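Colleague: here are the coordinates; sequence isn't available:
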């Protein structure tokens, strides 16, 4: 074999040649890049101006311009890509949008407003809509002056709503009420509205006349089909239980004999799907996560924001924001004790069962993530899929962090296989060769050894010797074009529980 092939060997006339070739001298492999997918609807007014193809965005403004400010897609995007920046760094974020379901309805909160004769003092009143009295610095405040009559007060409320660009609602006068209506139609539209009268009501009385939630769930089939060969790791599902089955069927399970969906051996690009919950009672939580259909599934992740008045899908976006950059840059870590960056918390601080460790432990054992409330923020305690089959302790596919570790191992090993095994000529261990691009089983085993050392250095696995002892590489007995490899790994774990016993006695 010629040392150089820059000039082919059939040439004889004088010439100097130089050729660049790509090579892979290192044993290092990159971490699995995270990619976030948002499912969701745009505003009703924007239905005719956007299609349902993939939309790659780097700012919430882009989302507002395309799908409507205050839409579910815009609300979620402003949490993971806030104006202040920096929450998820350069992680790709894409939207696979849905049009409103046929016959879908918006949520309508009828705010009754009564003024006996006229406003009696100069005051400022302020709305709180779904736990927020402002969005990105724009407040729902409005000033009343002595002499304002009912129609004037109603119009000032409407103007205050319109003055908040990212507001999820619009307002309209309806006799003695102000109808506060979500800008989109669907079951994700649920409203909570209150009025802070500050120092004085000034003769104005506010009351809830009625509150009607939205209805309608669009299909996500087209969105899932658009995943293709891309590895989308974190999916935000604003629709909750309405889409559990579709997401689980598409993502599949890592069954040891016949993995399905995105876990299939030929594809292996799985994801977790994050959905929000505002529930605070442990029994209500486990009615979702401990259902028979959920116990063996590895796809759906409940993201709690107990007793928040925000939208449930905001909780899912917050959980995503708390973990995405950690998984991307430091995959050996998880989001334990990370804060939700932007989720309304209950004004009285009451998160009910989530405040009790025994209740959190109860929920975690039954497939629910958990949070506490600390310093005015929801703080993550457990980040879990619903997977918890009876009798499997610990549940192997329960911790989302552990799934991400396994995905990283698969991602790196595929790179090594692509670079150093696939496409090479398979030769025997004792065979002497004088050409490039060959691989023997012993070389495959050495690749496993090197990769195990790399994974250990990244704190993704422990016990390199165990992996090395388990490694098997051989030429398939029925297909000579196939090199079979096998190895075991012991992945590391996050220190979630610290238990100390201390004995004491007096100093005699």
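Modeller: All right, it came through fine. Fair warning: this is a prediction, and the values are worked out from it, not measured in the lab.

Colleague: residue nearest the middle of the chain, spatially speaking?
Modeller: For the chain, the residue sitting closest to the mean C-alpha position, by CA atoms, centre = their mean, is residue 320 at 3.7 Å.

Colleague: name the residues of the helix or strand harbouring it that are buried.
Modeller: Residue 320 belongs to helix 312-329 when assigned by DSSP states H and E. If you call a residue buried by 16 or more other CB atoms under 10 Å, then helix 312-329 has these buried ones: 312-328. For glycine as for every other residue, the C-beta is placed from the backbone atoms N, C-alpha and C.

Colleague: how about stretch 492-508?
Modeller: So stretch 492-508, judged by 16+ other CB under 10 Å, has buried residues residue 492.

Colleague: quick one: secondary structure of residue 79?
Modeller: helix (DSSP: H, G, I helix; E, B strand; the rest coil).

Colleague: my read is that it contacts residue 314, right?
Modeller: Yes: Residue 79 is within contact range of residue 314, at 6.3 Å (criterion: CB atoms under 8 Å).

Colleague: which neighbours do the two share?
Modeller: Listed as contacting both residue 79 and residue 314 by CB atoms under 8 Å, 6 or more residues apart in numbering are 342-343.

Colleague: for the residue nearest to the centre of the chain, give its distance to residue 425.
Modeller: Distance, residue 320 to residue 425, by CB to CB, to the nearest Å: 45 Å.

Colleague: just the helices in the stretch 1-150 of the chain please.
Modeller: 60-67, 72-80, 150-162 (DSSP state H, counting those that start in this stretch).

Colleague: pop the domain breakdown of this protein in here.
Modeller: The chain breaks down by automatic domain parsing into domains covering 36-99+218-402, 106-212, 426-508.

Colleague: and among these, the most buried is which?
Modeller: domain 36-99+218-402 (a mean of 20; mean count of other CB atoms under 10 Å).

Colleague: which SSE is the nearest residue to residue 240 once chain neighbours are set aside in?
Modeller: Distances taken as CB to CB, 6 or more residues apart in numbering put residue 275 closest to residue 240, at 4.8 Å, once the chain neighbours are dropped. Here residue 275, judged by DSSP H and E, is contained in strand 272-277.

Colleague: helices of the stretch 301-450 of the chain, residue ranges please.
Modeller: 312-329, 357-364, 400-420, 441-457.

Colleague: elements contacting the helix holding residue 320?
Modeller: Where contact means 3 or more CB pairs under 8 Å, 6 or more residues apart in numbering; DSSP states H and E, helix 312-329 is packed against strand 36-41, helix 72-80, strand 234-236, strand 272-277, strand 300-304, strand 377-382, helix 400-420.

Colleague: save these as CSV, and put in distance to residue 168 too.
Modeller: Formatted as CSV, the helices and strands packed on helix 312-329 follow (distance: least, CB to CB, whole Å):
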stretch, distance to residue 168
strand 36-41, 12
helix 72-80, 6
strand 234-236, 16
strand 272-277, 15
strand 300-304, 19
strand 377-382, 20
helix 400-420, 28
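
Colleague: with respect to residue 497, which of the ones you listed lies nearest?
Modeller: strand 377-382 (11.0 Å; CB to CB).

Colleague: strands of the stretch 1-150 of the chain, residue ranges please.
Modeller: Along the stretch 1-150 of the chain, counting by DSSP state E, counting those that start in this stretch, strands occupy 36-41, 55-57, 93-98, 106-115, 123-129, 134-135, 138-139, 141-144.

Colleague: what's next to the fifth one, contact-wise?
Modeller: Judged by CB under 8 Å, 6+ apart, the contacts made with strand 123-129 from elsewhere in the structure are 133, 139-144, 157, 160-161, 167-169, 180, 191-202, 204, 309.

Colleague: measure the residue nearest to the centre of the chain to residue 507 for me?
Modeller: 53 Å.

Colleague: ok, now residue 324?
Modeller: 52 Å.

Colleague: rewinding a little: include distance to residue 298 when you put the helices of the stretch 301-450 of the chain into JSON lines, please.
Modeller: JSON lines is the format used below for the helices of the stretch 301-450 of the chain (distance: least, CB to CB, whole Å):
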{"stretch": "helix 312-329", "distance to residue 298": "16"}
{"stretch": "helix 357-364", "distance to residue 298": "16"}
{"stretch": "helix 400-420", "distance to residue 298": "7"}
{"stretch": "helix 441-457", "distance to residue 298": "21"}
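
Colleague: and residue 371, what does it touch?
Modeller: Residue 371 touches 304-306, 340, 351, 354, 378-381, counting by CB under 8 Å, 6+ apart.

Colleague: can I get the residues you listed in a markdown table with pLDDT and distance to residue 244?
Modeller: Rendered in a markdown table, the data for the contacts of residue 371 read as follows (pLDDT from 0 to 100; distance: CB to CB, whole Å):
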| residue | pLDDT | distance to residue 244 |
| --- | --- | --- |
| 304 | 98 | 16 |
| 305 | 98 | 19 |
| 306 | 98 | 20 |
| 340 | 98 | 22 |
| 351 | 98 | 24 |
| 354 | 98 | 22 |
| 378 | 98 | 23 |
| 379 | 98 | 26 |
| 380 | 98 | 22 |
| 381 | 98 | 23 |
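
Colleague: no more questions from me, cheers.
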